[in-house]
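Visitor: Could you look at this predicted model? Sequence included:
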Protein chains: 4
Amino acid sequence: MPTIAETVMSEADLAAFIEREFPQVRGDFAVERLTQDGVVIRLKVGERHLRPGGTISGPSIFGLADVAVYLALLARIGPVALAVTTSASVDFLRKPEAGRDLIAEARLLKLGRVLVVGDVLIRSEGSEAPVARASMTYSIPPERPQALPSA
Amino acid sequence: MPTIAETVMSEADLAAFIEREFPQVRGDFAVERLTQDGVVIRLKVGERHLRPGGTISGPSIFGLADVAVYLALLARIGPVALAVTTSASVDFLRKPEAGRDLIAEARLLKLGRVLVVGDVLIRSEGSEAPVARASMTYSIPPERPQALPSA
Amino acid sequence: MPTIAETVMSEADLAAFIEREFPQVRGDFAVERLTQDGVVIRLKVGERHLRPGGTISGPSIFGLADVAVYLALLARIGPVALAVTTSASVDFLRKPEAGRDLIAEARLLKLGRVLVVGDVLIRSEGSEAPVARASMTYSIPPERPQALPSA
Amino acid sequence: MPTIAETVMSEADLAAFIEREFPQVRGDFAVERLTQDGVVIRLKVGERHLRPGGTISGPSIFGLADVAVYLALLARIGPVALAVTTSASVDFLRKPEAGRDLIAEARLLKLGRVLVVGDVLIRSEGSEAPVARASMTYSIPPERPQALPSA
């Protein structure tokens, strides 16, 4: 039974996992470090994340929150499980600083057999005041019995 | 004072507005029709919205919900106001049908002077069962007093 | 496998269920009617639901939303299952009309084996404009295998 | 302009405020202590907060979250302002411990002129694992110009 305090993947494992499984967002995220109850993820802000006026798009911030809590989870249960986002609540608090990456600090609040809940604070690099906060819920599908060979 | 029942922009006005103001998502959305209390928006699903296994990414669904309620609002207050998304709550209900567009049906629940709230149901085209539901809040900045000429 | 379209409890069954299982809120709620995808519930507003100024308290509105979606669920799966509220998102839209009951119109959006999601619009009786909207998620615990007699 | 770091009400001021303004919940809450960015509030769990099986009711947990963030706010802006809850998102994480009070640790994330956002973790006294987390948004009505005497 996995616990929040015990990780089974390293920062490098998580980075390799994103690279391999999510080619569509390749290069967007960096795994900064594992923490006691979560993980810190960087969004390497580029042209495609911006909106007119230089602000970072809502979907980019949502995607960062989702990836951060998801990786906090995978670091505890390993890359095998197929967790699915079932709900998200996001508050957009202030405009990000122009020309800076976003840093997401995610922590797990519940690591159940079926439901996993975490929250995340997102800041512009070098700033204290949060740009957004989000809470995310994931559902872990029940393990299917192994198919019998040649069955 | 704008009301939900009265629109000041047509479908074509809204389409032109997206085209002009959001070049980054050009071609992603189509304005299907204005409704009594909202608007129906289509996400023209393409390669860039997909995740492994052919499912549509969370940020794409979030972006569709955000655009849909935002356009429901603009249709009532006109293209001038600078509304900002302040919060979002999304439930992901089931996997979208492969190879189909998403259709978002947004309605406004409150059109206040400062806060605007709407919700949205998102379905795969041709299906009844919703893929996601979301509620979105926007804040409308107070009008600044006009600068006096040569003041 | 239960479906949203098929009910297994009547209005009277639901009323008797509240009466029996939730003595603490006895007399607070009335089951107005079952609908195609949900149920309509009345909060009989009394002194204990009010706050200074005659407005209805946040916890009372939350409780109404919770009970309404919960009963929409029970009407489909029957009174046996022990569903647990796992998350709630509520928008408070306007002040209720003084001296009127609240009417909650709940509908189920997903009736899964494990997760159930519904949303609800709450109005003052006789008014069109909603006082609040909420979405609620319930988790249904897995059925435990029946203990074998004398096992 | 108020800031999160600076408080203008003491623990005793907050306790007196609840006592005076919210007679309906008299005796339910205790102000444990002000913190750097928020406040710690205790729900003195009594018979009226319970549900069958000895668990604490959803509305009681919602009410605790709401009061906690509200008092975190008032401690910074003073008892005059009439802040209104505009939205709430709550995750129920695990069953509270029987026979224990709930302790809510609230912090402010944004203290704007119009919108205030905070979040809160709720635990059973003496336990580390959270029972619930919530985020709350309040809207502060614009100051009305003072009525002129005999106007």
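Guide: Looks like it came in fine.
Visitor: got the contact list for stretch A:14-32?
Guide: Stretch A:14-32 has contacts (Cβ atoms under 8 Å, 6 or more residues apart in numbering or on different chains) with A:9, A:11-12, A:39-44, A:46, A:49, A:63-64, A:67, A:71, A:74-75, A:79, A:103, B:48, B:50-52, B:57. Yep, even glycine has a C-beta here, placed from its N, CA and C like the rest.
Visitor: residue ranges with poor pLDDT in chain A?
Guide: Applying pLDDT under 70 to chain A flags the ranges A:81, A:143-151.
Visitor: who in it is up against chain D?
Guide: A:89, A:91, A:93-94, A:109-110, A:117, A:119, A:121, A:129-130, A:133, A:135, A:137 (Cβ under 8 Å from any Cβ of the partner chain).
Visitor: Neighbour-wise, which one of those leads?
Guide: Counting neighbours by other Cβ atoms under 10 Å in any protein chain shown, the top entry in the residues of chain A next to chain D is A:Ser89, with 28 neighbours.
Visitor: from the contacts of stretch A:14-32, which ones fall inside helices?
Guide: Counted as lying in helices by DSSP state H, out of these, are A:11-12, A:63-64, A:67, A:71, A:74-75.
Visitor: Would you reformat those residues as a markdown table and include neighbour count?
Guide: Listed next are the ones in helices among the contacts of stretch A:14-32 as a markdown table, based on neighbours: other Cβ atoms under 10 Å in any protein chain shown:
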| residue | neighbour count |
| --- | --- |
| A:Glu11 | 17 |
| A:Ala12 | 9 |
| A:Gly63 | 22 |
| A:Leu64 | 29 |
| A:Val67 | 26 |
| A:Leu71 | 27 |
| A:Leu74 | 23 |
| A:Ala75 | 26 |
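Visitor: now, the most widely separated pair of those residues?
Guide: Within these, two members stand farthest from each other by Cβ to Cβ: A:Ala12 and A:Gly63, at 21.8 Å.
Visitor: Stretch A:74-83: how far from the chain's middle?
Guide: Counting by Cα atoms, centre = their mean, to the nearest Å, stretch A:74-83 is centred 12 Å from the centre of its parent chain.
Visitor: So what touches that stretch?
Guide: A:2-4, A:6-9, A:13-14, A:17, A:21, A:34, A:39, A:70, A:73, A:108, A:111, A:116, A:138-141.
Visitor: Try it again at 10 Å.
Guide: A:2-11, A:13-14, A:16-18, A:20-21, A:31, A:34-35, A:37-39, A:69-70, A:73, A:108, A:111, A:115-116, A:137-141, A:143, B:53 (Cβ atoms under 10 Å, 6 or more residues apart in numbering or on different chains).
Visitor: Give me the buried subset of those.
Guide: Among the contacts of stretch A:74-83, those classed as buried by neighbour count (16 or more other Cβ atoms under 10 Å in any protein chain shown) are A:2, A:4, A:7, A:9, A:11, A:13-14, A:17-18, A:31, A:34, A:38-39, A:69-70, A:73, A:108, A:111, A:115-116, A:137-140.
Visitor: tell me which residues of stretch A:122-134 are tucked away?
Guide: Buried, per 16+ other Cβ under 10 Å, within stretch A:122-134: A:122-124, A:130-134.
Visitor: ditto for stretch A:41-60
Guide: Buried residues in stretch A:41-60 (16+ other Cβ under 10 Å): A:41-43, A:45, A:49-51, A:55-60.
Visitor: Can you get me the start-to-end distance on stretch A:115-133?
Guide: 20 Å (Cα to Cα, to the nearest Å).
Visitor: Is that stretch in proximity to chain C?
Guide: Yes: counting by Cβ under 10 Å from any Cβ of the partner chain, chain C is contacted by stretch A:115-133 at A:115, A:117.
Visitor: List the contacts of A:Ser10.
Guide: A:16, A:31, A:34, A:75.
Visitor: for chain A, what spans make up the helices?
Guide: With DSSP H as the criterion, chain A has helices spanning A:11-21, A:58-77.
Visitor: Which one of the buried residues of stretch A:122-134 is nearest to chain C?
Guide: Closest approach to chain C among the buried residues of stretch A:122-134 (Cβ to the nearest Cβ): A:Ala134, at 12.5 Å.
Visitor: and the nearest residue to the closest one once chain neighbours are set aside, how many neighbours?
Guide: The shortest distance from A:Ala134 to any non-neighbouring residue, by Cβ to Cβ, 6 or more residues apart in numbering or on different chains, is to A:Ala65 (3.8 Å). With neighbours defined by other Cβ under 10 Å, the count for A:Ala65 comes to 32.
Visitor: Would you check how far apart A:Ala65 and chain D are?
Guide: 13 Å (Cβ to the nearest Cβ, to the nearest Å).
Visitor: Distance from stretch A:119-136 to the middle of the chain?
Guide: With Cα atoms, centre = their mean, you get 12 Å for stretch A:119-136.
Visitor: before we move on, what about stretch A:75-94?
Guide: Relative to its parent chain, stretch A:75-94 has a centroid offset of 6 Å by Cα atoms, centre = their mean.
Visitor: how about that stretch: buried residues?
Guide: Neighbour counts over stretch A:75-94 (16+ other Cβ under 10 Å) mark A:75-77, A:81, A:83, A:85-93 as buried.
Visitor: State the pair within those that is farthest apart.
Guide: A:Ala81 and A:Leu93 (31.6 Å).
Visitor: Tell me who's in contact with the residue most central in space within chain A.
Guide: In chain A, the centroid-proximal residue (Cα atoms, centre = their mean) is A:Ala68; its distance is 1.6 Å. Contact partners of A:Ala68, counting by Cβ under 10 Å, 6+ apart, are A:29, A:31-32, A:38-43, A:102-107, A:118-122, A:134, A:136.
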